[in-house]
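**Q** Need a 3D model of the sequence below.
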Amino acid sequence: MSKHEYIAVSERGGLGFIELNRPKVLNAINRPMVSEIVEAFEEFDRNDDVKVIILSGKGRAFAAGADIDEMSEDGAIDLELLNQFTEWDRLAWIKKPIIGAVQGFALGGGFELALCCDMLFAAEDASFGFPEVTLGVMPGAGGTQRLTKLIGKSRAMEWLLSGDRFTAAQALEWGVINRATAPELLMEETEKFAKKLASNPPLSMRLIKESVHKAVDYSLYEGMQYERKNFYLLFASEDQKEGMKAFIEKRKPHFKGK
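**A** Coordinates of the predicted model:
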């Protein structure tokens, strides 16, 4: 793996771990950190030994937002020329399952980063929000789009226009997170679930993830056609043959990702 200044990266047991590592500033996200995050995800995506990726934050917060000091003097033309959010777009191309483990704050850009994950586990005392409106701006890395598609227009409007923080319980009720756990059990529960996924055939998980993402943007008919092609495609894999053979023989399958 590449060397990093703003994140910590590790790998064990078929899992890749990316930990935001600016705890003194509650993991405030700056541009170099985003570059490191994206590159780490892409490296894990190319690593056949890694089946599932876990994203978390070191210290008291997942990420308390963007680094305001970095952008406070930016101008509109500066931002247009910088085009900084193109790096965020690359996260949508990660093929492997991504699970976010959120403790403390997931605010602003930190919440947007969390929404890039396929699933979210959160500590029961975690809080989520988009405070950008209170700073005279708005989300720019997909927050208005991903949140609206996830929870619907009315609830997204409430969250985005108020700038309020919402609890893990509210996020769970609205379907933003998958599970809320005791803070001391967050990583244990996240890793346990990730290991369960890692035992599944990689090609099946990859094409399921692709199909679910298409469901967000496609019509029902278009999505079903996409799903059907992926279903057929898996019958060209060794893992499909092994999985069905193991089922018939009443034994545990041994998947190879081929």
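**Q** and the helix or strand that residue 121 is a member of, which strands flank it?
**A** Under the criterion of DSSP states H and E, residue 121 resides in strand 119-123. The pairing partners recorded for strand 119-123 under DSSP bridges are strand 98-102 (parallel), strand 179-181 (parallel).
**Q** Now stretch 14-24: buried residues?
**A** 15-22 (16 or more other C-beta atoms under 10 Å). Any C-beta I mention is one placed from the backbone N, CA and C, and that applies to glycine too.
**Q** In strands, which of the residues you listed appear?
**A** Assigned to strands by DSSP state E, the following of those qualify: 15-20.
**Q** want to throw these into JSON lines with pLDDT and distance to residue 218?
**A** Formatted as JSON lines, these follow (pLDDT from 0 to 100; distance: C-beta to C-beta, whole Å):
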{"residue": "15", "pLDDT": "97", "distance to residue 218": "31"}
{"residue": "16", "pLDDT": "97", "distance to residue 218": "29"}
{"residue": "17", "pLDDT": "98", "distance to residue 218": "32"}
{"residue": "18", "pLDDT": "98", "distance to residue 218": "29"}
{"residue": "19", "pLDDT": "97", "distance to residue 218": "34"}
{"residue": "20", "pLDDT": "97", "distance to residue 218": "32"}
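**Q** Check which residues of stretch 92-100 are buried.
**A** Quick answer for stretch 92-100 (16+ other C-beta under 10 Å): 94, 96-100.
**Q** quick check, nearest of those residues to residue 135?
**A** Using C-beta to C-beta, residue 100 comes nearest to residue 135 of the buried residues of stretch 92-100, at 23.8 Å.
**Q** Stretch 140-154 spans what distance, first to last residue?
**A** 19 Å (C-alpha to C-alpha, to the nearest Å).
**Q** oh, I was asking about stretch 247-258
**A** 18 Å.
**Q** again with stretch 4-19
**A** So stretch 4-19: terminal residues 11 Å apart, C-alpha to C-alpha.
**Q** try stretch 80-98
**A** 29 Å.
**Q** Identify the residues contacting that stretch?
**A** Here stretch 80-98 makes contact (C-beta atoms under 8 Å, 6 or more residues apart in numbering) with 16, 31, 34-35, 37-38, 41-42, 44-45, 50-55, 74, 112, 116-119, 140-142, 194, 197, 202, 205-206, 209-210, 213.
**Q** what's the answer for stretch 137-157, then?
**A** So stretch 137-157 is contacted by 85, 88, 108-109, 111-113, 115-116, 130, 132, 159-160, 174-176, 216 (C-beta under 8 Å, 6+ apart).
**Q** so how far is the strand holding residue 121 off the chain centroid?
**A** How far strand 119-123 lies from its chain's middle: 10 Å, per C-alpha atoms, centre = their mean, to the nearest Å.
**Q** tell me the secondary structure for residue 54?
**A** At residue 54 the chain is in strand, as set by DSSP: H, G, I helix; E, B strand; the rest coil.
**Q** give me the number of residues near it?
**A** 23 (other C-beta atoms under 10 Å).
**Q** measure it to residue 103 for me?
**A** Separation of residue 54 from residue 103 (C-beta to C-beta, to the nearest Å): 13 Å.
**Q** Could you do residue 34 as well?
**A** 20 Å.
**Q** again with residue 152
**A** Distance of residue 152 to residue 103, computed by C-beta to C-beta: 26 Å.
**Q** who's more crowded, these two?
**A** Ranked by neighbour count (other C-beta under 10 Å), residue 152 and residue 103 place residue 103 first, with 24 against 12.
**Q** Give me the nearest residue to that one, chain neighbours excluded.
**A** Among residues not flanking residue 103 along the chain, residue 123 sits closest, at 4.4 Å (C-beta to C-beta, 6 or more residues apart in numbering).
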